[in-house]
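S.K.: sharing a sequence plus its predicted fold:
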Amino acid sequence: MPEDPWPQMGIAAACGRLNQQEMACGAIELVHKHQPLYLDLKYYREDAEKWFADTSIVEQLLQGLRKAGFKDFTDSSEQYQSAG
């Protein structure tokens, strides 16, 4: 379900941690299309912390997303900039 941001954000985080930015782009584009609010890492962190009791999991996800090209502070007009 491309409308659900969680699988796509997980894929992007995993690809980022594996230094596979090009592979992360497809997942990120789906999030951008269907749930762009999740491209704001502050929003993503707040939502993820509701679901994951272990905050180290949230930090690992955020680290992967940063490696995939996300920035900690986003402007709604300038969210994720794909490499390609």
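M.R.: Received, thanks.
S.K.: name the SS class of the most far-flung residue of the chain relative to its centre, please.
M.R.: Most distant residue from the mean C-alpha position of the chain: Ala53, 18.8 Å away (C-alpha atoms, centre = their mean). Three-state call for Ala53 (DSSP: H, G, I helix; E, B strand; the rest coil): coil.
S.K.: got the contact list for it?
M.R.: By C-beta atoms under 8 Å, 6 or more residues apart in numbering, no residues touch Ala53. Just so you know, the C-beta spots here come from the backbone N, C-alpha and C atoms, and that holds for glycine as well.
S.K.: before we move on, what about the one 4 residues further on?
M.R.: Applying C-beta under 8 Å, 6+ apart, one finds that Ile57 lies in contact with Ala48.
S.K.: measure it to Gly26 for me?
M.R.: Relative to Gly26, Ile57 is positioned 23 Å away (C-beta to C-beta, to the nearest Å).
S.K.: low-confidence ranges in the protein?
M.R.: Applying pLDDT under 70 to the chain flags the ranges 1-2, 72-84.
S.K.: can you give me the helices for it?
M.R.: Using DSSP state H, the helices of the chain run over residues 5-17, 21-34, 41-51, 55-67.
S.K.: just those helices: most buried one?
M.R.: helix 5-17 (a mean of 21; mean count of other C-beta atoms under 10 Å).
S.K.: what does it rub up against?
M.R.: The contact list for helix 5-17 (C-beta under 8 Å, 6+ apart) reads 1-2, 21, 23-24, 27-28, 30-31, 34-35, 38, 44, 60-70.
S.K.: now with 7 Å, please.
M.R.: 2, 21, 23-24, 27-28, 30-31, 35, 38, 44, 61, 63-68 (C-beta atoms under 7 Å, 6 or more residues apart in numbering).
S.K.: between it and helix 21-34, how big is the angle?
M.R.: 160 degrees (axes from the mean of the first three to the mean of the last three C-alpha atoms, to 10 degrees).
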